[in-house]
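Trainee: next comes the sequence, and after it the predicted model I'd like to discuss.
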Amino acid sequence: MEEFSGDRLNRLTGMLKRRGVLLPAFEIHGGVAGLYDYGPVGGRIRNKVNQSWLNHWLTLGNIVEISSPTITPYSVLDASGHVGEFSDYIIQCNDCEEASRADHLVEDVYPNADSFSFEKLTKVISELKPICPACGSSSWGNIKSQNLMFSTNIGNGLSGRKGFLRPETAQGMFTSFTSIYRHFRERLPFGAVQVGKGYRNEISPRQGMIRLREFNMAELEYFIDPAVNYEHDFSIWEDKFTLISEDEGEIDLTLKDAVQTGIIKHPTVGYFMGMTFDFVREIGINPIHIRFRQHESNEMAHYALDCWDLEVFGSFGWVECVGLAHRGCYDLEAHEKATGERLRSWRSFDKPKIVNIDGWTIDSSTVGPTFKSLAGNIKEEIEKLSAESTFPMDLVIDGNAVTIEEKHVKRIQIEQKISGEWFIPHVVEPAFGIDRLIWHALDHSYTETEKSGEDYTILSLPKAISSIDVTILPLFEKDGIDTLAKKLHITLCKNRNLVANYDGSGSIGRRYARADEIGVPYCLTVDYDSLNDNTVTIRDRDTGNQKRVKIEDLEF
RNA sequence: GCGAGAGUAGUGUAGUGGUUAUCACCGAGCGUUGCCAACGCUUGAACCCGGGUUCGAGUCCCGGCUCUCGCACCA
């Protein structure tokens, strides 16, 4: 099995670059840290992973795919909390020039300092004069704001509106909630997925594909009714999963037990953990290098109620590749508050509630002209009175003494039927870092072996995500073998969703090796017999076994 | 962002101021070869970018970019 080492990593990245899988972007202009190209081989891998991901979640049956812009107005990300959360206030020590997070310096006194404004932090720092953790001095420069989102202007000049490139795709699902809700005939649960780019202006991207400035992500926002106990079938996953729980530490448990004992706090989160595991395994990540880690309460994102990361072990150690968060009602509530729009779901009561109102209200035709601007407050007070109240009555409204007479009030006796209520759905969100997953699929598939005493590498990618589905090899490019091979190539290429490759240069062994290196699952070799009986040999990448088949019987 | 090291064909590398920049793999063409990186011939391809020092810079100096490592940061 794969044994991760720095040397192996160097050989792997060399191969990925040489063969056009993953390459530093814009390299002829010097390159940019944190930006990568998927090359001629990698491009289709990325596409197939995205498509498999979509297909995987669509099997739930209540999922729609949407696509929203990457350019996002300021107010959306302000409402979602990203403007605040993605901004760090940095302050530099005048003596040793070490930069520190301003809020960290004062959080002993103000534990909520990370939510302070620029002005408030400046004031608090000058009052507390915290000690520099690096040199012990307490002479500080000015606070600088550092935002990890790419900012831009939507429109030109003075009429331009401030915006950002989105740091996650999720907000598009929340801002489209009402449309999705109507699409599903206003019945929970349902989900919306989106596959697309996200952007974070990382301070120092490192570790190749692990931390990117522009990255591919795939997210599902699954909306549920918090009052319903959802039942899921956990019998599909009989094996134990490796869980690192906040309370229990590392334990091996079945998903069913983890949900029943409350280690996983919501059954839907548990079910999605199982689905996530299945997907990740399907695209070629070795299950023995997968674990789920629960976020500790103090590291949890601003919105989450419970959060599990799927982590994968590879050349860079354990890396979080998928985040599964129970976001509660945070996001919809935040956009509701910011916009005044209703982002809720209707829940009918089993039996309508009957509410009897028996009391008083004002006669606005007399209260209005008499009390003018106090009328509104008077109405509020009068409606609080019991049915037994009598008039005239002296009241103090906003510091003004008023006398309410009988002509100012009316008796009300109403029977009100309330058939249900509006509530904010809760959200369970699996968020996938596609690039990190592709990286680990490549990392785990890259197999270094020996063949007749020579180093030999095979990329044992699953068929589902291999870039080229089949390579056609003429044994020699002469005597009509090449003609037949080229004809076969063109015929196979006519199949939609099939990528066939023709390779006629170099010895046959060399060409097998080239195909193995980038993980082509099958090679078809055309030889002299093919000319007579219309058969070819099909050779399997992983076993090397060859079988002779008629061209018309090929299953491509 | 700070500190240290590094950057030479597609990949991996040699090269301590002085000829046409080394070697291997690699790619392409031709020949040979009856199925797993064979062989022969031919051929392709590089000093990260920009300044400076010098008669002369891949080599020395400065700045930038990128990579690696450590620190910091990390929904």
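Mentor: Sure, I can see it.
Trainee: dihedrals phi and psi, the residue of chain A found nearest RNA strand B?
Mentor: Using C-beta to the nearest atom of the strand, residue A:509 is the residue of chain A that sits closest to RNA strand B, at 2.1 Å. In short, each C-beta sits where N, CA and C put it, glycine included. Note on residue A:509: backbone dihedrals following degrees, to the nearest 10 are phi -60, psi -40.
Trainee: that one - how many residues pack around it?
Mentor: Neighbour count of residue A:509, defined by other C-beta atoms under 10 Å: 10.
Trainee: just list the residues touching the residue lying closest to residue A:170 once chain neighbours are set aside, thanks.
Mentor: With sequence-adjacent residues excluded and distances taken as C-beta to C-beta, 6 or more residues apart in numbering, residue A:170 is closest to residue A:219, at 5.2 Å. Under the criterion of C-beta atoms under 8 Å, 6 or more residues apart in numbering, the neighbours of residue A:219 are A:168, A:169, A:170, A:173, A:193, A:194, A:429, A:430, A:431, A:432.
Trainee: what's the helix or strand for residue A:219?
Mentor: With secondary structure defined by DSSP states H and E, residue A:219 is part of strand A:214-224.
Trainee: just checking: what are the partner strands of that strand?
Mentor: The partner list of strand A:214-224 in its sheet, established with DSSP bridges, is strand A:190-199 (antiparallel), strand A:426-433 (antiparallel).
Trainee: chain center to it, what's the gap?
Mentor: Distance of strand A:214-224 from the chain centroid (C-alpha atoms, centre = their mean, to the nearest Å) equals 4 Å.
Trainee: check which element follows that strand along the chain.
Mentor: Remark: after strand A:214-224, the chain's next helix or strand is strand A:241-245, criterion DSSP H and E.
Trainee: report the buried residues of that next one.
Mentor: Burial within strand A:241-245, assessed by neighbour count using 16 or more other C-beta atoms under 10 Å, is assigned to A:241, A:242, A:243, A:244, A:245.
Trainee: out of those, flag the one nearest to residue A:161.
Mentor: Lowest distance from residue A:161 to those (C-beta to C-beta) belongs to residue A:244, with 43.6 Å.
Trainee: give the closest residue to the closest one in space, chain neighbours not counted.
Mentor: The spatially closest residue to residue A:244, leaving aside those adjacent along the chain, is residue A:293, at 4.2 Å (C-beta to C-beta, 6+ apart).
Trainee: let me know the helix or strand that the one you found is in.
Mentor: Per DSSP H and E, residue A:293 falls inside strand A:290-294.
Trainee: mind giving me the packing neighbours of that strand?
Mentor: Judged by 3 or more C-beta pairs under 8 Å, 6 or more residues apart in numbering; DSSP states H and E, the packing partners of strand A:290-294 are strand A:241-245, helix A:267-282, strand A:306-314, strand A:317-328.
Trainee: is it true that the residue nearest to residue A:244 touches residue A:307?
Mentor: No: in this structure, residue A:293 sits apart from residue A:307 without contact. The criterion is C-beta atoms under 8 Å, and the distance is 9.4 Å.
Trainee: same drill for the two, tell me which one is more crowded.
Mentor: Neighbours were counted for residue A:293 and for residue A:307 using other C-beta under 10 Å; residue A:307 has more, 23 against 18.
Trainee: how near is that one to residue A:46?
Mentor: When distance is defined by C-beta to C-beta, to the nearest Å, residue A:307 is 26 Å away from residue A:46.
Trainee: same deal with residue A:342?
Mentor: Applying C-beta to C-beta, the value for residue A:342 to residue A:46 is 38 Å.
Trainee: who's more crowded, these two?
Mentor: Between residue A:342 and residue A:46, counting by other C-beta under 10 Å, residue A:46 is the more crowded of the two (18 against 13).
Trainee: for the most centrally placed residue in chain A, which residues are in contact?
Mentor: Closest residue to the average C-alpha location of chain A: residue A:431 at 2.4 Å, with C-alpha atoms, centre = their mean. Neighbouring residues of residue A:431 by C-beta under 8 Å, 6+ apart: A:168, A:170, A:217, A:218, A:219, A:220, A:322, A:323, A:324, A:325.
Trainee: now the residues you listed in JSON lines, please, with extra columns for pLDDT.
Mentor: Written out in JSON lines, the entries for the contacts of residue A:431 read as follows (pLDDT from 0 to 100):
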{"residue": "A:168", "pLDDT": "92"}
{"residue": "A:170", "pLDDT": "94"}
{"residue": "A:217", "pLDDT": "95"}
{"residue": "A:218", "pLDDT": "96"}
{"residue": "A:219", "pLDDT": "97"}
{"residue": "A:220", "pLDDT": "97"}
{"residue": "A:322", "pLDDT": "95"}
{"residue": "A:323", "pLDDT": "93"}
{"residue": "A:324", "pLDDT": "94"}
{"residue": "A:325", "pLDDT": "92"}
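Trainee: show me which of those is closest to residue A:444.
Mentor: Checking the contacts of residue A:431 against residue A:444 by C-beta to C-beta gives residue A:322 as the nearest, at 15.4 Å.
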